[in-house]
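**Q** I'll drop the sequence and a predicted model, then ask my questions.
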Amino acid sequence: MNLSLLCTAPCAYVYYDTWNDWLFVDWYGELTLHTVQATCLELAKCFLLNSYPRVLNSNLQITNVDREVAAWMASNFMPYIGLAGIRQMAWVYAPSVRGQAMAHEIMARLPNTTISLFNEMSEAVAWLEQTRPAPGTASKTTGRLAAHLQIAELIRAFRLRFNM
């Protein structure tokens with residue numbers, strides 16, 4: 001991987017992997033509802049700048065997850081990943097039981113998702129490498145402006161709702 005840091009959020013580092021052409025979200029530490037909300041806001045801002053159809057989401061460095069995080073993510077953040085242009089997401093489990101339960105709860109609440117769960121980073125990377133678009137097949141930009149405006153409005157509403 002050749003990582004370019006896009007942003008540092010309260011509980012995640014967000015990188016663009018220039019070699020693999022995907023976004024890498026590296027979550028860390030204790031996930032409280034407030035820190036996850038602030039991190040998701042920063043992550044959404046990244047999608048205002050560019051489209052990232054493939055995402056490698058690592059939970060390997062998570063130490064704890066508050067109970068309300070999964071429900072909030074499943075209802076307030078994850079339903080919008082398609083709007084952000086995400087087509088495939090490889091999600092690497094957290095080592096803790098609570099972190100793994102969070103991933104399963106989110107998946108149960110979003111049954112028609114493009115997320116695949118993995119125990120190991122190497123498995124997730126191998127799966128994402130197989131999803132690489134064929135040369136010369138650029139992602140369609142039709143509707144990109146409308147999606148951009150919707151994301152911007154969601155960010156504005158989110159900031160107002162949570163006083164951020």
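**A** Okay, I see it.
**Q** Skipping adjacent residues, who's closest to Phe77 in space?
**A** Cys40 (4.7 Å; Cβ to Cβ, 6 or more residues apart in numbering). Every residue, glycine included, has its C-beta placed from N, CA and C.
**Q** For whichever helix or strand Ala124 is part of, output the C-alpha coordinates as PDB.
**A** When elements are assigned from DSSP states H and E, Ala124 belongs to helix 121-130. Extracted in PDB, the C-alpha atoms of helix 121-130 (Å, rounded to 0.1, in the frame of the first residue of the first chain):
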ATOM      1  CA  MET A 121      -6.400  -7.800   6.600                       C
ATOM      2  CA  SER A 122      -4.700 -10.000   3.900                       C
ATOM      3  CA  GLU A 123      -8.100 -11.600   3.100                       C
ATOM      4  CA  ALA A 124      -9.800  -8.200   2.800                       C
ATOM      5  CA  VAL A 125      -7.000  -6.800   0.600                       C
ATOM      6  CA  ALA A 126      -7.200  -9.900  -1.700                       C
ATOM      7  CA  TRP A 127     -10.900  -9.500  -2.100                       C
ATOM      8  CA  LEU A 128     -10.700  -5.800  -2.900                       C
ATOM      9  CA  GLU A 129      -7.900  -6.400  -5.400                       C
ATOM     10  CA  GLN A 130     -10.300  -8.700  -7.300                       C
END
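**Q** three-state assignment of the residue lying closest to Arg109 once chain neighbours are set aside?
**A** Nearest residue to Arg109, sequence neighbours excluded (Cβ to Cβ, 6+ apart): Ala74, at 3.7 Å. Assigned by DSSP: H, G, I helix; E, B strand; the rest coil, the conformation of Ala74 is helix.
**Q** Equivalent analysis for Ser4, please.
**A** When classified by three-state DSSP, Ser4 comes out as strand.
**Q** what's across from it in the sheet?
**A** For Ser4, the beta-bridge partners are Tyr16 (DSSP bridges).
**Q** For the longest strand along the chain, which strands pair with it and how are they oriented?
**A** As assigned by DSSP state E, the longest strand anywhere in the chain is strand 54-65. Applying DSSP bridges to the sheet, strand 54-65 is found paired with strand 22-31 (parallel), strand 88-92 (parallel).
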